[in-house]
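In: Got a sequence here, can you build the structure:
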Amino acid sequence: MNFSTKKRPRKDAWRELQKDLDERERLEEENTAKFKRLDQLKARTALEDDCDPERFYAYMDILIGRDMGKNPDLTRGRLIFELFDDIMPRTTDQFVRMLSSSSEPTYRGSSISKIFPGEKCLAGDRESRVEGAVSGRDQVFSRVEQEANWQVPHLNPGVLSLYDFKSSKFLITFKKMEELDGWHPVFGKTVYGFDVLKEIASYGTDNGNTKQPIIITGGGAVPRGTHPREYLKALEKPEDKEAHGYNKKVMRYSSTYRHTGLIGH
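Out: Numbering: from 1, shown residues only. Sure thing, here's the model as predicted:
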């Protein structure tokens, strides 16, 4: 028998090599696209210098203090959110519908029931009766798990995310909260009204109980193409204080104000 140490050439070796190179290149392209999408999702919750009027915005009016003459000092304010309708369309549509609706299910009369200064607050609580609020335990958001994108982070103050899938409650952060990522799906962020968030945070306690009732009085969608700054008109004070029986403290707004640190810490 004749033995040779010479290595025999592999048939079609160049084709196998080319196949391996093509597969490696495909994986690199997929990873590049994946990381690019992740960066774009992370950028959605970043604070921007200005708002794009073509995006989807909504406003929410709140009232701090006991109404009906129980407390003479009332604070009224308005928050404006950018909603990620391209990520969670059903959730954002239902959210705006509940802000503007006067019949159930609605956010009108619901409370901000838990406030943790420097961390977050729990809003949209329709289960607790506060000054005539209608109790609601029905599931108002449908197919949230199917459309939720868990890659959107709680990157900054003012980020909105759902508390759970079985109620209407949602969270608003007062700072960057990475511990919420992957547990609560993000569907929007605050773009105006950080002064109001700071005021809300001042009514919180270490155990989350609120010092005064904070009620959502209404809201709705900002028409597409309209800059959300136009919806920051301050509520007017009553002309005759004695006739109304109380003074109203009205939050004023700065169109350029951005809060980049902790709120209410």
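In: What is the neighbour count of residue 230?
Out: Counted by other C-beta atoms under 10 Å, the residues lying close to residue 230 total 11. No exception for glycine: its C-beta is placed from N, CA and C like everyone else's.
In: Which helix runs longest in the chain?
Out: helix 13-44 (DSSP state H).
In: quick one, longest strand in this structure?
Out: For the chain, the strand with the greatest residue count under DSSP state E is strand 73-83.
In: okay, and for the stretch 151-265 of the chain, where does confidence drop off?
Out: In the predicted model, the stretch 151-265 of the chain carries pLDDT under 70 at residues 233-265.
In: The nearest residue to residue 121 once chain neighbours are set aside: helix or strand, and which one exactly?
Out: Of all residues not flanking residue 121 in the chain, residue 115 sits nearest, at 4.5 Å (C-beta to C-beta, 6 or more residues apart in numbering). Element membership of residue 115, judged by DSSP states H and E, is strand 114-116.
In: That strand pairs with which strands, parallel or anti?
Out: Strand 114-116 sits in its sheet next to strand 120-123 (antiparallel), going by DSSP bridges.
In: can you pull the alpha-carbon coordinates of the next helix or strand after the partner strand into PDB?
Out: Following strand 120-123 in sequence order, the next helix or strand is helix 144-147 (DSSP H and E). The C-alpha atoms that make up helix 144-147 are tabulated as PDB, following Å, rounded to 0.1, in the frame of the first residue of the first chain:
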ATOM      1  CA  VAL A 144     -51.400  44.700  25.100                       C
ATOM      2  CA  GLU A 145     -49.100  41.700  25.400                       C
ATOM      3  CA  GLN A 146     -49.200  41.100  21.700                       C
ATOM      4  CA  GLU A 147     -48.300  44.700  20.700                       C
END
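In: Give me the contact list for helix 144-147.
Out: Outside of helix 144-147, the residues that reach it under the criterion C-beta atoms under 8 Å, 6 or more residues apart in numbering are 87, 88, 89, 90, 91, 162, 165, 185.
In: just the buried members of those?
Out: The neighbour count (16 or more other C-beta atoms under 10 Å) marks 87, 88, 91, 162, 185 as buried among the contacts of helix 144-147.
In: tell me the mean pLDDT for the longest helix of the chain?
Out: Taken as a whole, helix 13-44 has a mean pLDDT of 74.
In: What about residue 147, how many residues nearby?
Out: Here the neighbour count serves as a burial measure; for residue 147 (other C-beta under 10 Å) it reads 16.
In: go on, residue 127?
Out: Applying the criterion other C-beta under 10 Å, we find 15 residues in the vicinity of residue 127.
In: one step back: the residue nearest to residue 121 and residue 13, how far apart?
Out: Between residue 115 and residue 13 the distance is 68 Å, computed by C-beta to C-beta, to the nearest Å.
In: quick one: which of these two has more around it?
Out: Shown here are residue 115 and residue 13; by other C-beta under 10 Å, residue 115 has more neighbours (24 against 9).
In: Double-check that one against residue 205; I have them as touching.
Out: Yes. Assessed by C-beta atoms under 8 Å, residue 115 is found in contact with residue 205 at 7.4 Å.
In: quick one on the thing from earlier: between the longest helix of the chain and strand 73-83, how many degrees?
Out: Helix 13-44 and strand 73-83 are oriented at 160 degrees to each other (axes from the mean of the first three to the mean of the last three C-alpha atoms, to 10 degrees).
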